[in-house]
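Student: Pasting the sequence and the predicted coordinates here, then a few questions.
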Amino acid sequence: MKIKVAIVGGTGYTGVELIRLLSQHPNAQIEYLTSRTEAGKRVEEFFPSLRGVVRDLAFTDLDENNLAKCDVVFFATPHGVAMKHAKFLTENNTKVIDLAADFRLQSLTDFEKWYQLEHTCSDLLKTSVYGLAEINREKIAKADIIGNPGCYPTTAILGLAPIIHAQNQANQALIDPYIIIDAKSGISGAGRQGKLNLIFSETSENFSAYGVAGHRHLPEIEQGVSEILQGKNVQNHEIRFVPHLVPMIRGMFSTIHLRLTDAGQAKDLQKIYDDFYANEAFIDVLPKGVYPDTRSVRGSNRLRIAVQTFDNSPIATILVVQDNLVKGASGQAVQNMNIMFGLDETLGLNVVPVSP
């Protein structure tokens, strides 16, 4: 089985990651690769790292009819692009995986507030699926449109999912409502753009917070937590999320602070996390007392989690790391493709992390 693939927006960081991963995928064939500015240029001219990896592949202008000849189209584009083409593609039996935000938020109000765009295909939004495989695998398998999760929400939701699920199953509060997510990302998370605050002399030897007053990934995290609760409303969670920019290219580290209730303190959190992710190929729950770092996942589709509790204290800390461009973006998109087409979920993604 060969899946015919198109990538719209192949010159950004998530685009080149898709090319890197899909070019090694045994069941995928990249048929079209579009770029608004680099049409006609061969891929290896633009990305020397792909010389000898992809052959006879060049960037082209976007043509919907060419995209519709493919089985799946990945949109590695700015917000607002995928929804312009999703209706035509799905009507022609082509699946859509959007790495931007067009199909992440089910609330039109939240989408328009945080992305300052009018949603042009709300009917398709209702049938789209949030592409967090470890939570929505069965829905993804039947989907025509996937909203690939944001990088920060991936770490946050997967970091919170086991304890929220346990709380849901127990039908009682295991954690207090107030959750703190202290998150850091490498500079590639801002995309491949020439902004002053992203140049080397501004980011090197610097560590800064942003989106402190509010960040567009917060409603996505809140939506994810609500979905895990499955409408049981054990309690309304108030989430404080603050992202930071750190002077490295790749990597994301989210530290989640929770306060356990008496019922929560009686639970073995390490076992809850071990059991919840026991059969997940890309989630690694570390042994007690072992903590993750971003280098341990660099270049891979791995997400590593550590659980820390304290004697005679209700505080718990969950530590989550991933490569923001792989599990946080393109790798997760390929994982979704595998599920959508009934393939082994790990195909094309068994990449060993790069060290040092």
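Tutor: Happy to help now that I have it. Residues are numbered from 1 along each chain as shown.
Student: contacts, neighbours, all on C-alpha from now
Tutor: Noted.
Student: For A58, see how far away N324 is.
Tutor: Distance, N324 to A58, using C-alpha to C-alpha, to the nearest Å: 26 Å.
Student: Kindly report the same for K139.
Tutor: 34 Å.
Student: The two: which is more packed in?
Tutor: Legend: neighbour count by other C-alpha atoms under 10 Å for K139 and A58, higher for A58 (21 against 17).
Student: ok, that one touching F46?
Tutor: No - taking contacts as C-alpha atoms under 8 Å, A58 lies outside contact range of F46: 9.6 Å.
Student: those helices in this protein, which residues are they?
Tutor: Secondary structure of the chain by DSSP state H: the helices cover 13-22, 43-46, 64-67, 82-91, 108-115, 122-127, 133-141, 151-170, 200-203, 218-229, 262-265, 269-276, 331-340.
Student: Packed most tightly, which of these would that be?
Tutor: Sort the helices of the chain by mean neighbour count, taking mean count of other C-alpha atoms under 10 Å, and helix 331-340 sits at the top with a mean of 25.
Student: on contacts alone, who are the packing partners of that one?
Tutor: In terms of contacts (3 or more C-alpha pairs under 8 Å, 6 or more residues apart in numbering; DSSP states H and E), helix 331-340 is packed against helix 13-22, helix 133-141.
Student: Name the surrounding residues that touch it.
Tutor: Applying C-alpha atoms under 8 Å, 6 or more residues apart in numbering, the external contacts of helix 331-340 come out as 17-18, 21-22, 72, 74, 97, 99, 131-133, 137, 140-143, 146, 148, 300-301, 325-326, 344-349.
Student: again, only this time at 7 Å
Tutor: With C-alpha atoms under 7 Å, 6 or more residues apart in numbering as the test, helix 331-340 has contacts from 97, 131, 133, 140-143, 148, 301, 326, 344-346, 349.
Student: Now do that helix against helix 133-141: the angle between them, please.
Tutor: Put simply, helix 331-340 runs at 40 degrees to helix 133-141, going by axes from the mean of the first three to the mean of the last three C-alpha atoms, to 10 degrees.
Student: Return the distance of helix 331-340 from the chain's centre.
Tutor: Centroid separation for helix 331-340 versus its chain: 11 Å, with C-alpha atoms, centre = their mean, to the nearest Å.
Student: And stretch 220-238, by the same measure?
Tutor: The chain centroid and the centroid of stretch 220-238 are separated by 19 Å, computed with C-alpha atoms, centre = their mean.
Student: which other residues reach it?
Tutor: Contacts of stretch 220-238 with the rest of the structure, by C-alpha under 7 Å, 6+ apart, involve 105, 153, 156-157, 161, 164-165, 168, 171-173, 177-179.
Student: just stretch 251-265 next, same as before
Tutor: Contact with stretch 251-265 is made by 155-156, 173-176, 179-186, 294, 298, 314-324, as judged by C-alpha under 7 Å, 6+ apart.
Student: In strands, which of those residues fall?
Tutor: Mapping these onto strands (DSSP state E) picks out 179-185, 315-322.
Student: Tell me which two in those residues are the farthest apart.
Tutor: Using C-alpha to C-alpha, the pair of the ones in strands among the contacts of stretch 251-265 lying farthest apart is S185 and I315, separated by 24.4 Å.
Student: Name the residue in the two with the higher neighbour count.
Tutor: Applying other C-alpha under 10 Å to S185 and I315 shows that S185 carries more neighbours, namely 26 against 16.
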